[in-house]
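Colleague: Here's my sequence, what's the structure:
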Amino acid sequence: MVSSVTLRDVGPFRSLTVDFARRVTVLRGPCGSGKTVAMDSLWWLLTGCWVGYPAMPLFGRGDASIACKVGDDTNSGKWQWRQEWDKFRGRRSSRPVVYFRDGGFFGVYLPPCDARNRNPKGDSDTLVLAEREIWDGRKGKHLGEIVTDIQGLVSELNDWMFKNGREIEMVNAMLRSVLPVETFSGFGLPRRFLLRDARDFPTMRLPGGHPATTEIGRHRAMRRAPTRPNDGSVGDALADICVDLAPSTVRRAVSMAYFVVWTWMEAVFRAESVGHQAPDGIVLLVDTRITGDAMAVLRAVQEAIPGIAVQIIAEDADRRTDANSLDIAVDSVVELKTPVE
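Modeller: Numbers count the residues shown, from 1 in each chain. Next up, the predicted model:
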């Protein structure tokens, strides 16, 4: 579990220490209060990789430092005169870490298979992806050969539906937890929708009267499914729409569900492939402008992957997480102010 993070002379902070709750910690504060600086620094301390530009020290101060406690270990870094942080010191997280960052970046860290939890290849277990790469996948290189870092939602979701195994059950569980029943009632058959893209896209079942079906129908991207009996919850007729053309809130939810499930299954596969036990938990760093209510994300992950420890650290600029829904025994809210003296 991540216990705390400390920043000295970084961003707007002269000195800041945040103690994290065991389950959900919500960071709140106005624009410029340093929420993203704290989140980016924590990501680096857990993974050894920055998302975009590194956190910068206060102007004119060369003694900046950052540190965090993970269990009994302390990870730390100091600012160097070369305008970069010194080499990562400490042990990377033993649990997978997912970072949903505002600005369209998605980070994932997978614990190395090395028993000492140290990765001799540097950042090869850490991926920072653009939002479109979550959907379309990304290629990389390993020992000079082209390899697939991640297949992407469009391809892999179809594969999971065909196998009808644990992965698609986990995705469905997450989506049913974060989306209302009138918005999501399951996946339909994959279909090709676009003239200039030969791929079959995953489809979702939305009620026939849902506004998205009308809009997408104008673009000839909707296929109607057979009429079903009214069950009193989703209406008489359902429409299969291309997931990529669904409302933005639905696309974000599908991206989140896919990415969390992919991360967990990849971490389990890596551990089992070398005879190790699967991780006992997962750490999520989230921006609620991307994921919505942090408690809803917690419930979704617990529903999809029961029996594991889930720790969420959320940047909540718009107060999307209801403080009344938190349990003070395992959750906390941290208010940041700017400037911090």
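
Colleague: show me what contacts residue 253?
Modeller: Counting by C-beta atoms under 8 Å, 6 or more residues apart in numbering, residue 253 makes contact with 174-175, 178-179, 184, 292. C-beta: built from backbone N, CA, C; applies to glycine.

Colleague: before we move on, what about residue 138?
Modeller: 127, 129, 148-150, 152.

Colleague: tell me what the helix or strand harbouring residue 5 is packed against?
Modeller: Residue 5 is located in strand 2-10, with elements delineated by DSSP states H and E. Strand 2-10 sits against strand 13-19, helix 35-47, strand 65-70, with contacts defined as 3 or more C-beta pairs under 8 Å, 6 or more residues apart in numbering; DSSP states H and E.

Colleague: Same question for the following helix or strand past the last one: list its buried residues.
Modeller: Sequence-wise, the next helix or strand beyond strand 65-70 is strand 73-80, with elements assigned using DSSP H and E. Residues of strand 73-80 classed as buried by neighbour count (16 or more other C-beta atoms under 10 Å): 74-79.

Colleague: same thing with stretch 164-177?
Modeller: Neighbour-count burial for stretch 164-177, counted by 16+ other C-beta under 10 Å, picks out 167-168, 170-177.

Colleague: got TSV for those, with secondary structure and distance to residue 307 too?
Modeller: As requested, these are exported to TSV (DSSP: H, G, I helix; E, B strand; the rest coil; distance: C-beta to C-beta, whole Å):
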residue	secondary structure	distance to residue 307
167	helix	17
168	helix	19
170	helix	13
171	helix	18
172	helix	18
173	helix	13
174	helix	15
175	helix	20
176	helix	19
177	helix	16
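
Colleague: And the furthest pair within the residues you listed?
Modeller: The most widely separated members of the buried residues of stretch 164-177, counting by C-beta to C-beta, are 167 and 177 (16.1 Å).

Colleague: Of the contacts of residue 138, which is the most crowded?
Modeller: residue 150 (23 neighbours; other C-beta atoms under 10 Å).

Colleague: Is that one in contact with residue 135, as I believe?
Modeller: No. Counting by C-beta atoms under 8 Å, no contact exists between residue 150 and residue 135, whose distance comes to 10.3 Å.

Colleague: Endpoint to endpoint, stretch 304-312 covers what distance?
Modeller: End-to-end distance of stretch 304-312 (C-alpha to C-alpha, to the nearest Å): 15 Å.
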